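> Give me coordinates for this.
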Amino acid sequence: MSEKEDLAEYQTQVIMTILHIMGNLRHSGMDMLSEVELSYPQILVLYALLERGTSTIGDLSRHLKISQGVISRTVDRLVEKGMVERERDSEDRRVVKVALSYDGSSHATRMITYHAEKFGDQFGRVSRKDRDAFLEMLQQIDRALEEEA
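The predicted structure follows:
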């Protein structure tokens, strides 16, 4: 196998593994999600609002790299579920801000804590040196992809 073919196979394995991990994380929280059924984009929006605080649809769209239309529909569904609240900006009524409701904040915090604990259990089995190297590699890839976007 050539170096180019080997690298292509490695890249495919890494991408598929990351997608599989994301699926496992989503599935591992399903018992927690049973009280409120949430789609993957809805979970992403909850996490983004937990991380960033009150945001506009445009801000969420740029941060999550998802179209404004999809974000807007996702927020609509989260509003219906009582997880997110919309409010008009006091200085510019054309601007709509989105924030977690009390229930949304509570649910998102429980979910992220649960997922962090699951990751912590797994990362606890790996040496500090390997964890640092893994994180550095992920950050390098993220920065490179961000620059290309």
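
> How about Gly82: what's its closest non-neighbour residue?
Nearest in space to Gly82, with sequence neighbours left out and distances taken as Cβ to Cβ, 6 or more residues apart in numbering, is Asp103 at 5.3 Å. C-beta: built from backbone N, CA, C; applies to glycine.

> any idea how far the one you found lies from Val95?
According to Cβ to Cβ, to the nearest Å, Asp103 and Val95 sit 24 Å apart.

> Same question for Asp76.
Distance from Asp76 to Val95, by Cβ to Cβ: 17 Å.

> again with Pro41
22 Å.

> show me what contacts the residue minimising distance to the centre of the chain?
Central residue of the chain (Cα atoms, centre = their mean): Leu44, 4.0 Å from the mean position. Counting by Cβ atoms under 8 Å, 6 or more residues apart in numbering, Leu44 makes contact with 64, 66.

> try 6 Å this time
Leu64 (Cβ atoms under 6 Å, 6 or more residues apart in numbering).

> Name the helix or strand for it, please.
Secondary structure from DSSP states H and E places Leu44 in helix 40-52.

> neighbouring strands for the next helix or strand after that helix, and are they parallel or not?
With elements assigned by DSSP H and E, the helix or strand that comes after helix 40-52 is strand 55-56. Take DSSP bridges as the rule and strand 55-56 pairs in its sheet with strand 96-100 (antiparallel).

> got any ranges where this structure has weak pLDDT?
25-34, 149 (pLDDT under 70).

> my guess is Glu85 is in a strand, correct?
Yes. In this structure, Glu85 lies within a strand as judged by DSSP: H, G, I helix; E, B strand; the rest coil.

> Packing partners of the helix or strand where Ser61 lies?
Ser61 belongs to helix 57-64 when assigned by DSSP H and E. Helix 57-64 sits against helix 40-52, helix 68-80, with contacts defined as 3 or more Cβ pairs under 6 Å, 6 or more residues apart in numbering; DSSP states H and E.

> Including distance to Tyr10, could those go into JSON lines?
What follows is the helices and strands packed on helix 57-64, written out as JSON lines (distance: least, Cβ to Cβ, whole Å):
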{"stretch": "helix 40-52", "distance to Tyr10": "26"}
{"stretch": "helix 68-80", "distance to Tyr10": "31"}
